[in-house]
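Asker: Just a sequence and a predicted model for now, questions to come.
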Amino acid sequence: MIRENFNDLYAFVIVAQERSFTKAAAKLGVTQSALSQTIRSLEERLNLRLLARTTRSVSPTAAGEKLMGSLEQHFSDISSHVSELSIFKDTPVGNIRLTCGEHAFDSVIYAKLAKFIAQYPDIHVEVHMDNTLTNIVDQRFDAGVRLGDMVEKDMIAIPVGPPMRVAVVGSPDYFTRFDKPTQPKDLLEHSCLNLRLPTSGGNLIWEFDHNGQTINIRPKGQLTFNTYMPIVRSALSGLGLAYLTEDIVDEYVERGELVKVLQEWCDPFPGYYLYYPSRKQPLHAFKLLIEALRHD
């Protein structure tokens, strides 16, 4: 393959990755019609059909899958080597894609990231807010952030936040109407505010640890939410008991708007970690982000 055709091959890889001419054209900065012509010319030159097209989707053919498998890593390596040249510049450059849950971003990522982008104006960070357990390899993210005990064993994990504790809280008004629970099983007699998990579709199990003993409770209640702030509001309104991390509720506890119970059953657990594939060689810009987010 002669050199002037490398652009055609790269265009094919992007279309195959995005499974969309529209998205690929936007990523490449070309028109959709120009990109379609590029792919047609490549297929004619190779005398092979590389992409199966319908009105709604684009997917690689068997030949396309084989070609993509050969080219994808090569183009990724070339991009990495070119980006590594930024170490010879006064100001590092690069693009970093990060997936992160809402609570992790608010509690440990945002403040550090704000300082980082101010320090390195030529590094661009795309943050994809997602509370699911995103597969960062399949979705082509450079890294993700999640709780330490949820990181896969084959990943490199860097702590970005301190250990955490959960708290069971209710409003003073709620506890004028109901007795305070003294042990986890008492929660089964209370109205609890549930959190729907985006991954399994089920509700969060309330886990308690004390002196090596673990108790899991499936709470009951009339209200279920898929994010934590409506749970805070409902607890403040006396609609039930909430199970949230201390950093979310402590300000309300200090003002007397919420009351903690079962504190002796809430032992600390590992906090948030930045994780990325062990086989990935971090670029200079990414190494700088790791150090900026690292929790000492």
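Answerer: Received, thanks. Numbers count the residues shown, from 1 in each chain.

Asker: Name the residues of the longest helix along the chain that come out as buried.
Answerer: Counting by DSSP state H, the longest helix found in the chain is helix 62-84. In terms of neighbour count (16 or more other C-beta atoms under 10 Å), helix 62-84 has its buried residues at 64, 67, 68, 71, 83. For glycine as for every other residue, the C-beta is placed from the backbone atoms N, C-alpha and C.

Asker: go on, stretch 152-167?
Answerer: 155, 156, 157, 158, 159, 160, 161, 164, 166, 167.

Asker: in the stretch 151-296 of the chain, which segments are predicted with low confidence?
Answerer: 199-201, 279-282 (pLDDT under 70).

Asker: residue ranges for the helices of it, please.
Answerer: Using DSSP state H, counting those that start in this stretch, the helices found in the stretch 151-296 of the chain span residues 172-177, 229-236, 246-254, 284-293.

Asker: Residue 31: neighbouring residues, count only.
Answerer: Neighbour count of residue 31, defined by other C-beta atoms under 10 Å: 12.

Asker: quick one: which of the helices of the stretch 151-296 of the chain is nearest residue 148?
Answerer: helix 284-293 (14.1 Å; C-beta to C-beta).

Asker: For residue 164, give me its contacts.
Answerer: 147, 245, 246, 247, 268, 269, 270, 271 (C-beta atoms under 8 Å, 6 or more residues apart in numbering).

Asker: Same check on residue 71?
Answerer: Counting by C-beta under 8 Å, 6+ apart, residue 71 has contacts 9, 10, 12, 13.

Asker: I figured the last one was touching residue 72, is that so?
Answerer: Yes - taking contact to mean C-beta atoms under 8 Å, the distance of 5.7 Å between residue 13 and residue 72 places them in contact.

Asker: could you dump the buried residues of helix 62-84 to CSV with pLDDT?
Answerer: Formatted as CSV, the buried residues of helix 62-84 follow (pLDDT from 0 to 100):
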residue, pLDDT
64, 84
67, 84
68, 83
71, 80
83, 65
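
Asker: And the host helix or strand of residue 25, what does it pack against?
Answerer: For residue 25, the host element (DSSP states H and E) is helix 21-28. In terms of contacts (3 or more C-beta pairs under 8 Å, 6 or more residues apart in numbering; DSSP states H and E), helix 21-28 is packed against helix 6-18, helix 32-46.

Asker: For it, which residues meet the burial criterion?
Answerer: 21, 24, 25, 28.

Asker: How about stretch 265-277?
Answerer: Buried-residue list, stretch 265-277, by 16+ other C-beta under 10 Å: 265, 266, 267, 270, 271, 272, 273, 274, 275, 276.

Asker: gap between residue 170 and residue 259?
Answerer: 6 Å (C-beta to C-beta, to the nearest Å).

Asker: Which of those two has more residues huddled nearby?
Answerer: residue 170 (26 against 19).

Asker: Report the contact partners of that one.
Answerer: Residue 170 neighbours (C-beta under 8 Å, 6+ apart): 178, 180, 235, 238, 240, 241, 242, 258, 259, 261.

Asker: Quick one, which of these are buried?
Answerer: 235, 238, 240, 241, 242, 258, 259, 261.

Asker: Those residues into CSV, with extra columns for distance to residue 174?
Answerer: Below are these laid out as CSV (distance: C-beta to C-beta, whole Å):
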residue, distance to residue 174
235, 8
238, 4
240, 7
241, 7
242, 10
258, 9
259, 8
261, 10
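
Asker: farthest-separated two in those?
Answerer: Going by C-beta to C-beta, the pair spanning the buried ones among the contacts of residue 170 furthest: 238 and 261, at 14.3 Å.

Asker: tell me the pLDDT at residue 79?
Answerer: According to the prediction, residue 79 has pLDDT 71.

Asker: measure it to residue 7 for me?
Answerer: Where residue 7 is concerned, residue 79 sits at a distance of 14 Å (C-beta to C-beta).

Asker: ok, now residue 100?
Answerer: In terms of C-beta to C-beta, residue 100 sits 34 Å off from residue 7.

Asker: do the same with residue 38
Answerer: Residue 38 sits 8 Å away from residue 7, taking C-beta to C-beta as the criterion.

Asker: With residue 24 instead?
Answerer: 13 Å.

Asker: next one: residue 243
Answerer: For residue 243 relative to residue 7 (C-beta to C-beta), the value is 54 Å.

Asker: Give me the more crowded residue out of these two.
Answerer: The neighbour count for residue 243 versus residue 7, taken as other C-beta under 10 Å, is higher for residue 243 (26 against 12).

Asker: which one is that one nearest to, not counting chain neighbours?
Answerer: Nearest in space to residue 243, with sequence neighbours left out and distances taken as C-beta to C-beta, 6 or more residues apart in numbering, is residue 206 at 4.8 Å.
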